[in-house]
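Asker: Generate a structure from the sequence data that follows.
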Amino acid sequence: MNKNPRMPALLLGLIFIQILAPAFGHPGSGIFVDREGNVFFTDTGQGVWKIDNRGQLRPHEGPSHHFMAIDPDGRFTKTRWPSFSEPSTDIRKVGANPTLLLCSDFPVTVGRDGALHYPDLGKDGRVQVFRLTPSGSRSVLATPPAGSDGRVLKWLNGIAAGPDGSIYYSVNAAVHRIAPQGTISTIASNIVLPDCTRLPNVEPKLGPFLRGLDVASDGTVYVAANGCCALLKITSQGEVTPVLHATSPWSPTGVAVSGDYVYVLEYLHTASDNRRDWIPRVRKLSPDGTAVIVASVERSGSGSSRPVQPQARADSFVGSKAGDERGVGGIKLCWCPPDRFRMGSPRSEPERRPGESQVEVTLTKGFWMGKCEATQGDWKRVVGNLPGELTAELPEGDDFPVGNVNFAEAEAFCQKLTELARQSGELRKDWEFRLPTEAQWEYACRAGTTTATSFGDKLSSRQANFKGKPYNGAEPGPSLNRAAKVGSYPANAWGLHDMHGNIYEWCRDWYHSRLPGGVDPDLYMAKASATKSGHGDVSRVRRGGCWADEGWPCRSAFRLRFEPERRYDHIGFRVVAVQP
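Answerer: You can find the predicted model right below:
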């Protein structure tokens, strides 16, 4: 083991002196997520840190090595390591279930076959990828070919296990794949980033200087372009896209994929040869491209480090303008700012119905509204099995709305989503997911308009999914006679799709014959005060119209009651994130 943190092991020193400017060190790139959702990452100036599945950052047992793998079943706890080409190489086993495998000198990964894979120099001085079983049996999996410049490859910058049993590795400007049989293929090579923000002291000839990487379940590779302060997404077809940028001198070094989320280990780079000058942080990238810092480290004195839990400002969860978008818990949301509006329909509105008499409403708090209805994919990800049967009119598909859901099930979805989003750190503890109140729903649907619909005083089935006669003389359009994939029709001015048509949506309130007006109306708990004529003792509100209706029930003010215990294929819901 290298005892002096200021003096890297000989092999690493030779490698990085050749490729980087003198005095430019290199921080660790090890980061992994275990089966319980805990995140572990290496800190070359301190040791190992753990972000538990509640988002709390704490020091964890382990040395200040550069690389890390996770042995999820603890198979390597008794394994004896073979001799390595560089005598200073040290692999540490930390914990039992899972076991962290921390390496001082080369990247490591545990494949689907349960074996440890790592690069080392063969007898001819060429780098080879070795396979080590828990019993200690070692064999050569593959010998990587020469680089694009024709030079014999001397090292690998990163290595990761793929979902198909393959092993992926990165070099300065390429990512390659080793099949279980040892065959090597290229995922992407000669990668050039035109908008590269060059990390100081990294020579341009290194290209993006790819380092840590990980592979999603669909074979998509995420790799840290350390020299360009970026995270790259590489499809199985080799298409390269930057998906995250850091501000120099911060730059990604390692990647861990967990479900739909990507955790990125970044370091504050410095020309110092003192490891403690390298400061790590972790950012979490959501499917919609939102990236937030979930953990960072602060040095104090010469011998200790302090975890810093990023605490957002009180207003940081609030949108800056109507229609701002963000993703939370896998749900795309649009911001609806606080304001006053007139709820209901004027007497002159064609096809208006009883119970739509206008009232003034003041919403003192803004909220995030689901950009689309909750989908079958959302339901399966959050809850599991779909709540009711699919029909010819409600086809199966993750992008179709979830239907056949009763009121209690929709509320239970919101509660579970709240729990999961808080655990992931995406949702503040003083916010929660709910069904929208009737006032919130109509306010969001109108998106600042006073017309019968958010598209004006007419509505065509080219603008919304409904059946038959368009509203108020609008141009006729196609009738699907079934649900459509969410987002198939134009959004309103605040970015919300399908507020008109497609599927009815549960609201939070009990149904009353008169619209609730005033400040922040919420009739969720107003059942006891309702009269029989108001139906407040038996029904909840549903809004928006559906594929089986004509155009007129899809108006912004149209409201309908439905018994909360019942379900139907044309009734679903969308969520709001609110601060109670």
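Asker: now the closest residue to residue 580 other than its chain neighbours: how far from residue 352?
Answerer: Spatial nearest neighbour of residue 580, excluding adjacent residues (Cβ to Cβ, 6 or more residues apart in numbering): residue 432 at 6.3 Å. Where you see a C-beta, it was placed from the backbone N, CA and C, and this is true even at glycine. Separation of residue 432 from residue 352 (Cβ to Cβ, to the nearest Å) stands at 34 Å.
Asker: Kindly indicate whether the nearest residue to residue 458 once chain neighbours are set aside is helix, strand or coil.
Answerer: Nearest non-adjacent residue to residue 458, counting by Cβ to Cβ, 6+ apart: residue 474, 3.7 Å away. Using DSSP: H, G, I helix; E, B strand; the rest coil, the secondary structure recorded for residue 474 is coil.
Asker: Is it correct that residue 474 is in contact with residue 460?
Answerer: Yes. If you go by Cβ atoms under 8 Å, residue 474 and residue 460 touch, sitting 4.1 Å apart.
Asker: Let me know how buried the residue nearest to residue 458 is, in neighbour terms.
Answerer: Here the count is done by other Cβ atoms under 10 Å, and residue 474 has 20 residues near it.
Asker: residues contacting residue 501?
Answerer: Shown in contact with residue 501 (Cβ atoms under 8 Å, 6 or more residues apart in numbering): 461, 464-466, 489, 544-547, 549, 554.
Asker: Can I get these in TSV including secondary structure?
Answerer: What follows is the contacts of residue 501, written out as TSV (three-state DSSP):
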residue	secondary structure
461	coil
464	coil
465	strand
466	coil
489	coil
544	coil
545	coil
546	coil
547	coil
549	coil
554	helix
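Asker: any idea which of the residues you listed is closest to residue 128?
Answerer: Taking Cβ to Cβ as the measure, residue 128 lies nearest residue 489 of these, at 56.0 Å.
Asker: can you tell me which residues contact that closest one?
Answerer: Counted by Cβ under 8 Å, 6+ apart, residue 489 has contacts 463-465, 497-498, 500-502.
Asker: out of these, who's nearest residue 168?
Answerer: So of those, ranked by how close each gets to residue 168 (Cβ to Cβ), first place is residue 497, at 36.8 Å.
Asker: Show me where the stretch 201-350 of the chain has its strands.
Answerer: Using DSSP state E, counting those that start in this stretch, the strands of the stretch 201-350 of the chain run over residues 210-215, 221-225, 230-234, 240-245, 250-258, 261-268, 279-285, 291-300, 304-308, 325-328, 331-336, 339-343.
Asker: any idea which of these scores lowest on pLDDT?
Answerer: Mean pLDDT is lowest for strand 304-308 out of the strands of the stretch 201-350 of the chain, coming in at a mean of 80.
Asker: Please write out the alpha-carbon positions of it in CSV.
Answerer: This file holds the C-alpha atoms of strand 304-308, laid out as CSV (Å, rounded to 0.1, in the frame of the first residue of the first chain):
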residue,chain,number,x,y,z
SER,A,304,-10.4,16.0,9.0
SER,A,305,-13.2,16.5,6.5
ARG,A,306,-16.8,17.5,7.2
PRO,A,307,-19.8,16.3,5.3
VAL,A,308,-21.9,19.1,3.8
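Asker: Name the strands paired with that strand and say parallel or antiparallel.
Answerer: With DSSP bridges as the test, strand 304-308 is paired with strand 291-300 (antiparallel).
Asker: wait, doesn't residue 499 sit right on residue 544?
Answerer: Yes. Counting by Cβ under 8 Å, residue 544 is a contact partner of residue 499 at 6.0 Å.
Asker: Could you name every residue contacting both of those two?
Answerer: Contact criterion Cβ under 8 Å, 6+ apart; residues shared by residue 499 and residue 544: residue 445.
Asker: ok, the contacts of residue 489 vs residue 53, which is closest?
Answerer: Nearest to residue 53 among those, with distances taken as Cβ to Cβ, is residue 497, at 32.4 Å.
Asker: if I pick that closest one, what's in contact with it?
Answerer: 371-372, 486-491.
Asker: Of those, which count as buried by neighbour count?
Answerer: Buried by 16 or more other Cβ atoms under 10 Å: 371-372, 486-489, 491, out of the contacts of residue 497.
Asker: Next step: those residues restricted to strands.
Answerer: Assigned to strands by DSSP state E, none of those qualify.
Asker: Pipe those residues into TSV and attach pLDDT and distance to residue 145 per row.
Answerer: Listed next are those as TSV, based on pLDDT from 0 to 100; distance: Cβ to Cβ, whole Å:
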residue	pLDDT	distance to residue 145
371	96	47
372	97	47
486	97	47
487	96	45
488	97	47
489	97	51
491	97	50
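Asker: Kindly reformat those residues as CSV containing distance to residue 199.
Answerer: Compiled in CSV, the buried ones among the contacts of residue 497 are given as follows (distance: Cβ to Cβ, whole Å):
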residue, distance to residue 199
371, 36
372, 39
486, 41
487, 38
488, 43
489, 45
491, 39
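Asker: Name only those of the contacts of residue 501 that count as buried.
Answerer: 461, 464-466, 489, 544-547, 549, 554.
Asker: Out of the contacts of residue 501, which is nearest to residue 81?
Answerer: Nearest to residue 81 out of these is residue 489 (Cβ to Cβ; 60.1 Å).
Asker: Sketch out the low-pLDDT regions of the stretch 301-450 of the chain for me.
Answerer: 301-303, 309-316 (pLDDT under 70).
Asker: which residues of it fall in helices?
Answerer: Taking DSSP state H, counting those that start in this stretch as the criterion, the stretch 301-450 of the chain contains helices spanning 376-382, 407-423, 438-446.
Asker: elements contacting the longest one?
Answerer: Applying 3 or more Cβ pairs under 8 Å, 6 or more residues apart in numbering; DSSP states H and E, we find helix 407-423 packed against helix 376-382, strand 432-434.
Asker: Which of the contacts of residue 489 sits closest to residue 217?
Answerer: For the contacts of residue 489, the minimum distance to residue 217 (Cβ to Cβ) is 27.3 Å, reached by residue 497.
Asker: any idea how far the closest one lies from residue 414?
Answerer: Residue 497 is 19 Å from residue 414, where distance means Cβ to Cβ.
Asker: Residue 139 now?
Answerer: 52 Å.
Asker: same check, this time on residue 554
Answerer: 24 Å.
Asker: what do you get for residue 330?
Answerer: Relative to residue 414, residue 330 is positioned 14 Å away (criterion: Cβ to Cβ).
Asker: Then residue 441?
Answerer: Residue 441 is 14 Å from residue 414, by Cβ to Cβ.
Asker: which one of those two has more residues nearby?
Answerer: Higher neighbour count among residue 441 and residue 414: residue 441, with 27 against 20, using other Cβ under 10 Å.
Asker: give me every residue that touches the more buried one.
Answerer: By Cβ under 8 Å, 6+ apart, the contact set of residue 441 is 505, 507, 543-544.
Asker: again, 6 Å this time
Answerer: By Cβ atoms under 6 Å, 6 or more residues apart in numbering, the residues touching residue 441 are 507, 543.
Asker: Make 14 the first number, not 1, from now on.
Answerer: That works, and once the first residue is 14, the last one we named lands at residue 454.
Asker: Quickly note the distance from it to residue 495.
Answerer: 23 Å.
Asker: quick one: low-confidence ranges for the stretch 464-593 of the chain?
Answerer: Using pLDDT under 70, the stretch 464-593 of the chain drops low at 538-550.
Asker: show me where it has strands.
Answerer: 517-523, 531-532, 553-556, 572-575, 584-585, 589-591.
Asker: Please render those strands as JSON lines that adds mean neighbour count to the earlier fields.
Answerer: Listed next are the strands of the stretch 464-593 of the chain as JSON lines, based on neighbours: other Cβ atoms under 10 Å:
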{"stretch": "strand 517-523", "mean neighbour count": "26"}
{"stretch": "strand 531-532", "mean neighbour count": "10"}
{"stretch": "strand 553-556", "mean neighbour count": "26"}
{"stretch": "strand 572-575", "mean neighbour count": "20"}
{"stretch": "strand 584-585", "mean neighbour count": "28"}
{"stretch": "strand 589-591", "mean neighbour count": "22"}
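Asker: Output those in a markdown table, with distance to residue 203 appended to each entry.
Answerer: Output for the strands of the stretch 464-593 of the chain, formatted as a markdown table (distance: least, Cβ to Cβ, whole Å):
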| stretch | distance to residue 203 |
| --- | --- |
| strand 517-523 | 50 |
| strand 531-532 | 62 |
| strand 553-556 | 54 |
| strand 572-575 | 60 |
| strand 584-585 | 48 |
| strand 589-591 | 44 |
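Asker: Alright, calling it a day.
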